[in-house]
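Enquirer: coordinates only, sequence not included:
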């Protein structure tokens, strides 16, 4: 087999551990110079490939690549750019192949969620049709935890840990203050379609540290009466309560609860989160004092409290992607296969991309408690191992010492391409 | 000197390290059984003293007391309850003395901010007048960092570290996404009167890791034109920018910027934070895509990323309070005296409560940059040592193993007291 270069790109929303996958890809590729030449990264994801804006990762030191393992976000830049279907935009796919051909790229490693799995598959199919075969391997990544076949998705475990830890800490705070002040704390978390991240808030309460937590899932239509009754019950029993609300929670009318048609004093439409809406419902319905927070980007970039399990899995997926490519596989995605929950054990598996693309894994119904406001033991058993272990980054002057790469550009060989 | 019991209470908003001060008080008191008998804690702060709802801390194991050092929030409960002036409510002060007398309490350790320093002083003064002398020692605590004389306040360093770390992490995130998605991230932080916490966001950017950060201080009237010009400049230069906004920032009209008179579709008044208001200003003024977060309680309860300097100082203040009491001092507060910034060095000092009560330390004007939107080198030199070092709590099943005390009640000896 001739030595070929490789292309690696990060896609969609970044995570605390997507760079750990990058480290897995790059270190493993470097260990196989007989198979893989240079690894080029796309600057700002797939846009870098389309515009031939490639980064020469061979210019980075081994230390810098190693430091990616503890650095959050996308070191080469990511993008939200969905390639259209082959029928609608064959031009873009053909351009990708042209760029790969110009730079002697035989391996395509695409690190993303469901959309990028689909792109990855199409690139591989079209490359065959055009007579320039590319081995396309998808590296799973998404805080949404919604890829099929794999037991979980790198990026999710660290968000889950951040939300569980933060929910526990904020609950301790409100418990201290409840006698004369705040009685309800509301934390808004990510998850427009699925409640995986909100569910992680439930882990904050454990057998040896019980906390009254209510979870509002996007899967369950918001029922104001039931919600207020449970808040009231918890506050009477415990003196306080914590609410973890998914940004995607909807009312009975199917509209996002966050979409309240807010207007400022001049009548201008204002965008708000769902946390202040839930806070207002608590105030108006029960007259209780509240505080609310919105974790937003903090939750998915919090490498400082990443899950060790997640970091290890993210790295392993990048490593396996390269190993699968070298072994001749194509149109596949490495997966995390759980072999036991307690004690937790997992191994690296492999899924056909045709079975991954365009399939969204939702929360199983039996992960949500009967009243729709909490998690079941089955959910807890699934989630608990994913937040196991800490993997602290190094610190310098009190701050995490995250790496920034040189990101040296590769000389262009083709004409400009407008996207 | 006869052996006397002691009373300890936590006051006002809790912090990530107020329990470390409690550990300092309790462990030091236990080391002096020849001077101090039992330490009673007020359940829910001073309310516990007024209602004779005392907690017998001698029922707690040495391990539990030790674990307070790594547990956030107020282990005995805190309260927002300001005693009125002696003239307006002499009854409450007399009740405090009566409770102390009934339980043979000779030491009063009050762990709080400016208001509690004032209360502490008055208790000591009135006790003298009533012929039942109490040694009243104030243990400094406030995330607002606004107590005078002491160089900094326990609780602040850990919030500062949390905000600096989170701002750096979220900035890495938005930098990755900026090409096609979010260009401005806005983080709302605490600080209604002083911009100390917002200033800490500026530490996220350092010489070896430059980040375009704009800070909106409560001390500086919001100037929309200047603000938008700077956002625009940063986004053009760096591709993105991060805004750290203090909840207390005010417009030129002196009104809180968060107070936008928001109405929902039914015309009901809605409470929002300042972050979405700033986000709307960025959207309307520059048309840039944004995300926003509100740290709220997460920032002051985040023991998982506490500053080691802060933990050590919080403990030292509790320890010194007891040592000062044993040495016969009264109406004083231990202080943190900085002897050098680089390398950082500090020692424990002592301040007269009469000089602490009712004095608020504001941010010096020369800590804010000339354009009002950032911090100066002088501010950086002051803040940097306060976030130095990590002090991780132990973990169990992926979550911090925080202690909950037994909080055994002491038998009441007096009649009921209505507050």
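Expert: Good, I have the coordinates. Quick caveat: nothing in here was measured; it's all calculated off a predicted structure.
Enquirer: can you name the element that comes right after the helix or strand bottoming out on mean pLDDT in chain A?
Expert: Least confident element among the helices and strands of chain A, by mean pLDDT, DSSP states H and E: helix A:114-129 (a mean of 91). Under the assignment DSSP states H and E, the closest C-terminal helix or strand after helix A:114-129 is strand A:135-140.
Enquirer: what angle separates that next one from helix A:114-129?
Expert: Strand A:135-140 and helix A:114-129 meet at an angle of 180 degrees, taking axes from the mean of the first three to the mean of the last three C-alpha atoms, to 10 degrees as the criterion.
Enquirer: quick one: name whatever helix or strand follows strand A:135-140.
Expert: helix A:156-177.
Enquirer: show me where chain A has helices.
Expert: Under the criterion DSSP state H, helices of chain A are mapped to A:18-30, A:46-50, A:62-68, A:90-102, A:114-129, A:156-177, A:196-201, A:224-238, A:275-286, A:297-301, A:308-326, A:353-356, A:377-383.
Enquirer: redo those as JSON lines? Include distance to residue B:236.
Expert: C-betas here are computed from N, CA, C, even on glycine. Conversion of these to JSON lines gives the following (distance: least, C-beta to C-beta, whole Å):
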{"stretch": "helix A:18-30", "distance to residue B:236": "27"}
{"stretch": "helix A:46-50", "distance to residue B:236": "19"}
{"stretch": "helix A:62-68", "distance to residue B:236": "28"}
{"stretch": "helix A:90-102", "distance to residue B:236": "28"}
{"stretch": "helix A:114-129", "distance to residue B:236": "29"}
{"stretch": "helix A:156-177", "distance to residue B:236": "32"}
{"stretch": "helix A:196-201", "distance to residue B:236": "34"}
{"stretch": "helix A:224-238", "distance to residue B:236": "45"}
{"stretch": "helix A:275-286", "distance to residue B:236": "32"}
{"stretch": "helix A:297-301", "distance to residue B:236": "22"}
{"stretch": "helix A:308-326", "distance to residue B:236": "34"}
{"stretch": "helix A:353-356", "distance to residue B:236": "39"}
{"stretch": "helix A:377-383", "distance to residue B:236": "43"}
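Enquirer: any chance of the ones you listed in JSON lines, plus mean neighbour count and distance to chain B?
Expert: Output for the helices of chain A, formatted as JSON lines (neighbours: other C-beta atoms under 10 Å in any protein chain shown; distance: least, C-beta to the nearest C-beta, whole Å):
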{"stretch": "helix A:18-30", "mean neighbour count": "27", "distance to chain B": "9"}
{"stretch": "helix A:46-50", "mean neighbour count": "25", "distance to chain B": "6"}
{"stretch": "helix A:62-68", "mean neighbour count": "17", "distance to chain B": "12"}
{"stretch": "helix A:90-102", "mean neighbour count": "18", "distance to chain B": "15"}
{"stretch": "helix A:114-129", "mean neighbour count": "22", "distance to chain B": "13"}
{"stretch": "helix A:156-177", "mean neighbour count": "29", "distance to chain B": "4"}
{"stretch": "helix A:196-201", "mean neighbour count": "30", "distance to chain B": "10"}
{"stretch": "helix A:224-238", "mean neighbour count": "16", "distance to chain B": "12"}
{"stretch": "helix A:275-286", "mean neighbour count": "21", "distance to chain B": "5"}
{"stretch": "helix A:297-301", "mean neighbour count": "27", "distance to chain B": "4"}
{"stretch": "helix A:308-326", "mean neighbour count": "25", "distance to chain B": "8"}
{"stretch": "helix A:353-356", "mean neighbour count": "19", "distance to chain B": "23"}
{"stretch": "helix A:377-383", "mean neighbour count": "17", "distance to chain B": "9"}
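Enquirer: quick revisit: so what does the least confident helix or strand of chain A touch, helix or strand wise?
Expert: With contacts defined as 3 or more C-beta pairs under 8 Å, 6 or more residues apart in numbering or on different chains; DSSP states H and E, the packing partners of helix A:114-129 are helix A:90-102, strand A:105-112, strand A:135-140, helix A:353-356.
Enquirer: TSV for these, including mean pLDDT?
Expert: Below are the helices and strands packed on helix A:114-129 laid out as TSV (pLDDT from 0 to 100):
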stretch	mean pLDDT
helix A:90-102	94
strand A:105-112	98
strand A:135-140	98
helix A:353-356	96
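Enquirer: which stretches of chain A have low pLDDT?
Expert: A:1, A:261-272 (pLDDT under 70).
Enquirer: pretty sure residue A:410 contacts residue A:103?
Expert: Yes. Between residue A:410 and residue A:103 there is a contact under C-beta atoms under 8 Å: 7.0 Å.
Enquirer: common neighbours of the two, please.
Expert: A:40, A:54 (C-beta atoms under 8 Å, 6 or more residues apart in numbering or on different chains).
Enquirer: picking up where we left off before, now the least confident helix or strand of chain A against helix A:90-102, angle please.
Expert: Using the same axes, to 10 degrees: helix A:114-129 against helix A:90-102 is 70 degrees.
Enquirer: distance between helix A:114-129 and the chain's centre?
Expert: Relative to the chain's own centre, helix A:114-129 is displaced by 21 Å; criterion: C-alpha atoms, centre = their mean, to the nearest Å.
Enquirer: and the angle from that helix to strand A:105-112?
Expert: 160 degrees.
Enquirer: ok, residues contacting helix A:114-129?
Expert: Against helix A:114-129 from outside (C-beta under 8 Å, 6+ apart): A:11-12, A:46, A:82-83, A:86, A:90, A:93-94, A:96-97, A:100, A:108, A:110, A:133-138, A:140, A:142, A:146-147, A:330-331, A:333, A:353-354, A:356-360.
Enquirer: which of those residues count as buried?
Expert: A:11-12, A:46, A:83, A:93, A:96-97, A:100, A:108, A:110, A:134-138, A:140, A:142, A:146-147, A:330-331, A:333, A:353, A:356-357 (16 or more other C-beta atoms under 10 Å in any protein chain shown).
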